[in-house]
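Give me a 3D structure for the following:
(chains A and B)
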Amino acid sequence: GQQLNQSPQSMFIQEGEDVSMNCTSSSIFNTWLWYKQDPGEGPVLLIALYKAGELTSNGRLTAQFGITRKDSFLNISASIPSDVGIYFCAGQPPYAYSGAGSYQLTFGKGTKLSVIP
Amino acid sequence: IAGITQAPTSQILAAGRRMTLRCTQDMRHNAMYWYRQDLGLGLRLIHYSNTAGTTGKGEVPDGYSVSRANTDDFPLTLASAVPSQTSVYFCASTLAPGNEQFFGPGTRLTVL
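As a prediction, this is how the structure comes out:
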């Protein structure tokens, strides 16, 4: 099946610093999604990317769909304490790879972000 | 308020007991999913439903069953709970398979 490598696993940064995390895959994806999960809550969608090379921003967040369709990165600029949480990437493989028409998402294992005030 | 609701929020259950986790969405999404989240393993798909009346197995379906009698509801049943099913369970939905998924708040289940 599809494998997603998300890095780093965890980060400790100073408030105001920029953050970068990425996901790589051994296979291509049609869609890349980035989620944030706060403690005790469900993942919340931050950014969705649908086309290779696409660069999308959402406030201080910027994400890109890699040209090879096998990677994506998420940048957070000028971090603030409420950025703390776990960030997940998720990829949607082409239909032929999904099996049984399920269009399953493959999730990375997450990047835990800690922001030091 | 539009979105996905899950019930209960948390539950402690004796091994061997039957348990149904409820999930309801009011966004008229066609596809729904159940995941479990465990430390170090991320989110793993248990079962899915692309549309009302159909269901399919995900990565870790053993010990779980689902039904999709209508568009809004997608209950997950543990017929005879075991301690390895201790986890946080998330329901998700999407307008159509392949679109971005939206998650519920989760159910924290402990099986003793």
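
so what's the residue nearest to the spatial centre of chain B up against?
Nearest to the geometric centre of chain B sits B:Trp34, at 3.1 Å (Cα atoms, centre = their mean). Applying Cβ atoms under 8 Å, 6 or more residues apart in numbering or on different chains to B:Trp34 gives the contacts B:21, B:23, B:45-48, B:58, B:64, B:66, B:74, B:76, B:89-92. For the C-beta atoms, the positions are set from N, CA and C on the backbone; glycine is no exception.

Among these, which one sits closest to B:Gly104?
Ranked by distance to B:Gly104 (Cβ to Cβ), the contacts of B:Trp34 are led by B:Cys91 at 4.3 Å.

Quick check, the closest one in contact with B:Ala7.
No. Between B:Cys91 and B:Ala7 there is no contact under Cβ atoms under 8 Å: 10.1 Å.

shared neighbours, the two?
In contact with both B:Cys91 and B:Ala7: B:Leu21, using Cβ under 8 Å, 6+ apart.

Please work out how many residues are found near A:Gly53.
Other residues within reach of A:Gly53, judged by other Cβ atoms under 10 Å in any protein chain shown, total 11.

so which strand or helix has it?
Counting by DSSP states H and E, no helix or strand carries A:Gly53.

In three-state terms, how would the closest residue to it other than its chain neighbours be classified?
Ranked by Cβ to Cβ, 6 or more residues apart in numbering or on different chains and with sequence neighbours excluded, the top spatial neighbour of A:Gly53 is A:Ile67, at 5.3 Å. Under the three-state scheme (DSSP: H, G, I helix; E, B strand; the rest coil), A:Ile67 adopts coil.

now the helices for chain A?
Along chain A, counting by DSSP state H, helices occupy A:95-98.

Lowest mean pLDDT among the helices and strands, pick that one out for it.
Across the helices and strands of chain A, mean pLDDT, DSSP states H and E gives its lowest value to helix A:95-98, namely a mean of 56.
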